[in-house]
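>>> A structural model of the following input is requested.
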Amino acid sequence: MYAKLARIGLVLAALGVAGCTDSSVKNLSEVANKQLPDSILAEMKAKGMLRNSSVMARIFKEEGKLEIWKAKTNGRYDMVASYDICKWSGKLGPKFTEGDRQAPEGFYTVRPSQMNPNSNYHLAFNIGYPNAFDRANGRTGSNLMVHGACSSSGCYSMTDAQIEQIYAFGRDAFQGGQTEFQIQAFPFRMTAANMARYRNDPNYEFWKMLKVGYDQFEITKVPPKVDVCEKRYVFNQIPADGQAFNPTGACPATTQPDSLKTAYKSYQSTYEAAYNSAIKASTPAPKPTIAGIKEAALVSDWTKKRARGERVPIEPPSLNADGTVSETTRMGRIDSPAGRKMAALDAEKAAKEKAAQEKAAAIAAAKAAKEAAKAQALAQKEAAQQQQMVEAAPPVEAPMPQSDSAASKLKKRLLGMFGG
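Residues are numbered from 1 along each chain as shown. Coordinates of the predicted model:
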């Protein structure tokens, strides 16, 4: 069963259109030609993989992991390397619009023309956003990469040493004849426990759709055939003769291998039991997620202002469940030509305002000093005048002592009356 699915997957992959000539793969810089370390080559050999066999990647935001899977000689894939993502921007949830700083989620395709050996971020490859699903749903954005330099504004950023290895996996697979490889980007490992944690999230229906492709890869260990119709992903569906998938049109009549349907049904039965148990169990609190296109538009507007060098909150705004917006109080500018120009204008304006304030303060101080000196001089003049008036006034005669003749007479009289 699995061998048949593997053959289907490899045939479908071979139908992919190569996006460049051989020169886009051969004309690489020295760092892009760096070979995989012997330890990885030894592990590949032990797992039955050739150095240039087909490759695919899986990304898990919440866990911060990027996995590399390679085809074994039996056609099924096995994981050969896992890397800690250095940085990814935004929150859990898909990318909606240019400037929302969201790292994409979904199923993407990388062709040789998307590999950039001369990236400003050491090495890089474009993941292929927007894909058919994104375009059908009106989602926009450009230049979404996996790259080095550990710096992200919507990309998945790795260290330089990590991207050298990841790049080498893709390069070797292209040199081995693979025309495109698949990247599966998920918000988290889509286990029953994690799906239960996020069952009330506004992005849950989108994640349930991705989970179908996730589950089918878990079952087959072969990258699923991915198509889009009715603005949704469909996986491993084979259209009837003469029919095709239209991303915005009705889905055509399709078939699917019975072996896959049977395996998927059994897988789902086990999953449902685990999901029901997970709902009842205590689980970690969910991580922040994007609240749809409204929050994406808020962040996009913030990004545009930031790119123009305007002062904005240091962190992007967040839309709360009650519709209110949360913003950090700390403001700043991006370190860009526009930001530096605006900052210089601000500094010049602030310097002028400070100089004007200092000049006004100096004038006020001089005026106050002048008034104080004037008041002091007036006080001194008044004191001098008072002194002159005192000195010019005639002397005041002391009162004459009272004559004691009357007193003496009275004394004598009294003494006479009482026999004194």
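
>>> in stretch 46-65, what's buried?
Under the neighbour-count criterion of 16 or more other Cβ atoms under 10 Å, stretch 46-65 has 49, 51-63, 65 buried. The C-beta positions use only the backbone N, C-alpha and C, and glycine is treated the same way.

>>> apologies, that question was intended for stretch 171-181.
The neighbour-count check on stretch 171-181 (16+ other Cβ under 10 Å) flags 171-174, 178-181 as buried.

>>> in strands only, show me these.
Counted as lying in strands by DSSP state E, out of these, are residue 181.

>>> of the buried residues of stretch 171-181, closest to residue 234?
Proximity of those to residue 234 (Cβ to Cβ) peaks at residue 180, which lies at 18.5 Å.

>>> for the closest one, give me the pLDDT.
Here the pLDDT value assigned to residue 180 is 98.

>>> for the stretch 1-150 of the chain, give me the ranges with low pLDDT.
Scanning the stretch 1-150 of the chain for pLDDT under 70 picks out 1-29.

>>> now do the helices in it.
Ranges of helices in the stretch 1-150 of the chain, per DSSP state H, counting those that start in this stretch, are 2-14, 23-26, 38-46, 132-136.

>>> and what of the stretch 201-350 of the chain?
In the stretch 201-350 of the chain, the helices defined using DSSP H, counting those that start in this stretch lie at 204-220, 258-280, 292-307, 337-392.

>>> could you give the mean pLDDT of stretch 306-316?
Computed over stretch 306-316, the average pLDDT equals 89.

>>> which among the buried residues of stretch 46-65 gets closest to residue 197?
Minimum distance to residue 197 across these is 9.7 Å, recorded for residue 62 (Cβ to Cβ).

>>> mind listing the strands for the stretch 1-150 of the chain?
Taking DSSP state E, counting those that start in this stretch as the test, the strands found in the stretch 1-150 of the chain are 55-60, 65-71, 77-84, 87-88, 106-110, 115-116, 124-126, 145-147.

>>> measure how the fifth one sits relative to helix 204-220, angle-wise.
Pointing back at strand 106-110 there. Between the axes of strand 106-110 and helix 204-220, defined by axes from the mean of the first three to the mean of the last three Cα atoms, to 10 degrees, the angle is 60 degrees.

>>> who does strand 106-110 touch, helix- and strand-wise?
If contacts are counted by 3 or more Cβ pairs under 8 Å, 6 or more residues apart in numbering; DSSP states H and E, strand 106-110 sits against helix 132-136, strand 181-186, helix 204-220.

>>> tally of neighbours for residue 81?
Neighbours of residue 81 under the rule other Cβ atoms under 10 Å: 18.

>>> repeat for residue 332
Residue 332 - counted by other Cβ under 10 Å - has 14 other residues nearby.

>>> ok, now residue 318?
By the measure other Cβ under 10 Å, the count of residues near residue 318 is 17.

>>> hmm, back to that, which of the helices and strands packed on strand 106-110 is buried the deepest?
Counting by mean count of other Cβ atoms under 10 Å, strand 181-186 has the highest mean neighbour count of the helices and strands packed on strand 106-110, with a mean of 24.

>>> okay then, goodbye and thanks.
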